[in-house]
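Asker: Curious how this folds, go ahead:
(one chain, ligands or ions: 2)
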Amino acid sequence: MEQEVEVAIIGAGSAGLYALGQVRRKTDRYVLIDGGELGTTCARVGCMPSKALIQIAEDFHRRTIFPREGIEGGDTLSVEGPDVLEHVQDLRDIFVDKVLSSSTDDMGEKFIPEYAQFIEPGLLQVGERRIRAKRIVIASGSTPVIPSPWKQFGDSILTTDEIFELEKLPESLAVIGLGVIGLELGQAFHRLGVKVTGIDQLETIGHIDDPDINKTAIQILGKEMPLWLGQAADIEQAADGRLRVSAGDKSIEVEKVLVCIGRRPNLENIGIENAGVKLNAKGIPDYNPNTMQIEDKPLFIAGDVNGDRPVLHEAADEGRIAGINAVAETPMAFRRKTPLFITFSDPNLVLVGKTWSQLDHENTLISSVALGMLGRALIMGRNKGLLRLYADKSTGKLLGASMIAPHGEHLGHLMNWCIEQELTVLQMVRMPFYHPVLEEAIQPVLREMIVNGGFVKDDLPPDLERR
Ligand SMILES: Cc1cc2nc3c(=O)[nH]c(=O)nc-3n(C[C@H](O)[C@H](O)[C@H](O)COP(=O)(O)OP(=O)(O)OC[C@H]3O[C@@H](n4cnc5c(N)ncnc54)[C@H](O)[C@@H]3O)c2cc1C
Ligand SMILES: NC(=O)c1ccc[n+]([C@@H]2O[C@H](COP(=O)([O-])OP(=O)(O)OC[C@H]3O[C@@H](n4cnc5c(N)ncnc54)[C@H](O)[C@@H]3O)[C@@H](O)[C@H]2O)c1
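Answerer: Ligands and ions are numbered 1, 2, ... in the order given. Sure thing, here's the model as predicted:
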């Protein structure tokens, strides 16, 4: 059986569902295809269950500051692992149900619960049937990478596809890969009483390329749990079902290993080789990030599958752009937003706008502040971190920020929105800063940049603007 449609969307994850929202405004001749578990990676095994676990871990960790604040009895608190995991699963189920009830649940035959594979350009095999589509949106997401030799260790090896299904906390856990997932989940499990060892082949963690921020992050996070950096990890079977994990001359026996060494785009399983496109050196079709169109074909690629900005708000934007263009006469180009990446470790790691390695250092002003003496952070018992801003030397416009900071998620948004508005450091310092708030950390950095950049010519305070 062959069915003809205007648009086929491969993948009912976040990018696919956002594309669907745009496509269905213009045509009812579409299908959404997904043969995997529904509910989106974000809600099922990603953003949401990870943040639920982190919240519980932070709440429990807070007891370590109680004695300093004069609160007694903190040491009698304990974690009931199965209850913690059940609470995470309950929250996860709420988020998944919310997605399903507003998407695939009531789509009837327009939703096909099968995997799609290209047979030839424009033609998909979907279970028993064939779908011929004038335009196709590829939004098939990504899958955790596990090196083949590690697959023999079965259930002892976990990825984020399995870890939220656990019924009890492991006694010990090696976390291989200290990118975003490794730092977030490694710290959370450690704070819940699991003996965690973090390992990364690089000397940097969480994609932080600013050397001072990276050094500070390693110092702060490494005080809580051991971080083995600079050597790739290897795994061997040990006695009693345990695993021996080694990196360089270090080695440890653990109950479980969390492998978080990146995610691979789901392109092979959609038969991309039959889609009539060329793959670039990264194994991804060349596409325009402003239209999401692949070459000049009636094909659009959105979300984690293109490997570019694998975070939720970008998957949403890319899905919308792909959806709009899949039903447009000619593709429209959209401005992409200033990059923002947050690792929800405590303190948060945040990258905004241009990163260290993207800067033209000759023409960039760089100033930073250590957060040890920041009033509000001290009161919160969270006075650890380093915040650094980058601005253009000639115009004074903010270019980027990098930080390890308490509640850095909010400071990161603030800095991102300043870049979006093309604000200069002088305009920024003239905004109100309430007292005592974490945002006050930014003031001395801005003032230093204003002086170093020579942006005020008189001896009046730069914070005040003459009428
Ligand atoms: C542990 C973890 C924590 C995260 N935390 C955050 C966070 O805090 N903030 C943030 O912004 N981002 C976070 N992310 C990233 C975010 O979840 C992703 O960027 C986002 O979910 C990607 O959406 P997507 O639509 O591209 O992919 P997905 O939601 O994975 O959707 C892809 C869909 O395609 C389907 N599919 C695959 N192959 C086929 C095929 N051949 N035919 C049909 N269907 C197919 C799959 O079944 C799947 O349903 C996290 C990710 C992980 C793993
Ligand atoms: N807060 C968020 O926005 C959030 C949270 C979690 C995940 N995510 C998304 O999920 C994606 C995948 O996350 P991830 O943490 O799996 O990947 P990642 O790319 O962030 O980090 C992988 C790390 O593994 C290391 N590595 C690779 N092979 C290794 C080996 N053999 N031994 C030791 N280290 C090794 C790499 O050096 C790298 O630091 C991220 O790109 C991110 O966008 C986002």
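Asker: Could I get the average pLDDT for whichever strand or helix holds N416?
Answerer: Using DSSP states H and E, the element containing N416 is helix 408-420. Averaged across helix 408-420, pLDDT comes to 98.
Asker: what's in contact with whatever helix or strand comes next after that helix?
Answerer: Later in the chain than helix 408-420, the nearest helix or strand by DSSP H and E is helix 425-429. Applying CB atoms under 8 Å, 6 or more residues apart in numbering, the external contacts of helix 425-429 come out as 365, 389, 391, 396-398, 418, 442-443, 446-447, 449-450, 453, 455-456, 462-463. C-betas here are computed from N, CA, C, even on glycine.
Asker: Report the rounded mean pLDDT for the helix or strand just after helix 425-429.
Answerer: Counting by DSSP H and E, the next helix or strand C-terminal to helix 425-429 is helix 442-453. In this model, helix 442-453 carries a mean pLDDT of 97.
Asker: which other residues reach helix 442-453?
Answerer: Helix 442-453 has contacts (CB under 8 Å, 6+ apart) with 365, 367-369, 387-389, 391, 393, 396, 411, 414-415, 425-426, 428-429, 433, 455-456, 462-463.
Asker: How about stretch 22-29?
Answerer: Here stretch 22-29 makes contact (CB under 8 Å, 6+ apart) with 4-7, 9, 30, 137, 319-320, 323-324, 326-327.
Asker: Can you tell me which of the residues you listed comes closest to ligand 1?
Answerer: G319 (6.8 Å; CB to the nearest ligand atom).
Asker: Next, that closest one: secondary structure please.
Answerer: Under DSSP: H, G, I helix; E, B strand; the rest coil, the three-state class of G319 is helix.
Asker: State the distance from whatever residue of the stretch 1-150 of the chain ends up closest to ligand 1 to ligand 2.
Answerer: Nearest residue of the stretch 1-150 of the chain to ligand 1 (CB to the nearest ligand atom) works out as G13 at 1.7 Å. Noted for G13: a distance of 13 Å to ligand 2, by CB to the nearest ligand atom, to the nearest Å.
Asker: rewinding a little: among the contacts of helix 442-453, name the buried ones.
Answerer: Neighbour-count burial (16 or more other CB atoms under 10 Å) applied to these gives 365, 367-369, 387-389, 391, 393, 396, 411, 415, 425-426, 428-429, 455, 462.
Asker: Kindly report the domain assignment for the protein.
Answerer: Annotated domains of the chain cover 2-39+103-144+264-326, 148-261, 340-453 [automatic domain parsing].
Asker: circling back to that earlier point, now the residue of the stretch 1-150 of the chain closest to ligand 1: how far from D296?
Answerer: Per CB to CB, to the nearest Å, G13 is found 26 Å from D296.
Asker: Looking at the two, which is more packed in?
Answerer: G13 (30 against 8; other CB atoms under 10 Å).
Asker: The more buried one reaches T41, doesn't it?
Answerer: Yes - look at G13 against T41 with CB atoms under 8 Å: they come within range, at 5.6 Å.
Asker: was I right about V437 contacting R376?
Answerer: Yes - under the criterion of CB under 8 Å, V437 makes contact with R376 at 5.7 Å.
Asker: more neighbours, these two?
Answerer: R376 (19 against 14).
Asker: Which ChimeraX command selects the buried ones in the contacts of stretch 22-29?
Answerer: Buried residues within the contacts of stretch 22-29, by 16+ other CB under 10 Å, are selected in ChimeraX with:
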select :5,6,7,9,30,137,319,320,323,324,326,327
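Asker: Now do the same contact list for R376.
Answerer: 436-438, 440.
Asker: Surely it is in a helix?
Answerer: Yes - counting by three-state DSSP, R376 is part of a helix.
Asker: Please spell out which residues along the helix ranked longest in the chain are buried.
Answerer: Using DSSP state H, we find that the single longest helix of the chain is helix 81-101. Residues of helix 81-101 classed as buried by neighbour count (16+ other CB under 10 Å): 81, 84-85, 88-89, 91-92, 95-96, 99-100.
Asker: Beyond that helix, next helix or strand please.
Answerer: strand 111-112.
Asker: and the next helix or strand after that next one, which strands flank it?
Answerer: Once the chain leaves strand 111-112, the next helix or strand it forms, by DSSP H and E, is strand 116-120. For strand 116-120, the paired strands and their directions (DSSP bridges) are strand 123-126 (antiparallel).
Asker: And the contacts of the strand it pairs with?
Answerer: 8, 10, 31, 33, 112, 114-119, 130-133, 136, 271.
Asker: Would you check which of those residues are in contact with ligand 1?
Answerer: 10, 33, 115-116 (CB under 6 Å from any ligand atom).
Asker: ok, and the most crowded of those residues?
Answerer: Neighbour-wise, these (other CB under 10 Å) top out at I10, 30 neighbours.
Asker: what pairs with that residue across the strands?
Answerer: Applying DSSP bridges, one finds that I10 bridges with I33, I138.
Asker: hang on, isn't it packed against Y30?
Answerer: No - taking contacts as CB under 8 Å, I10 lies outside contact range of Y30: 11.9 Å.
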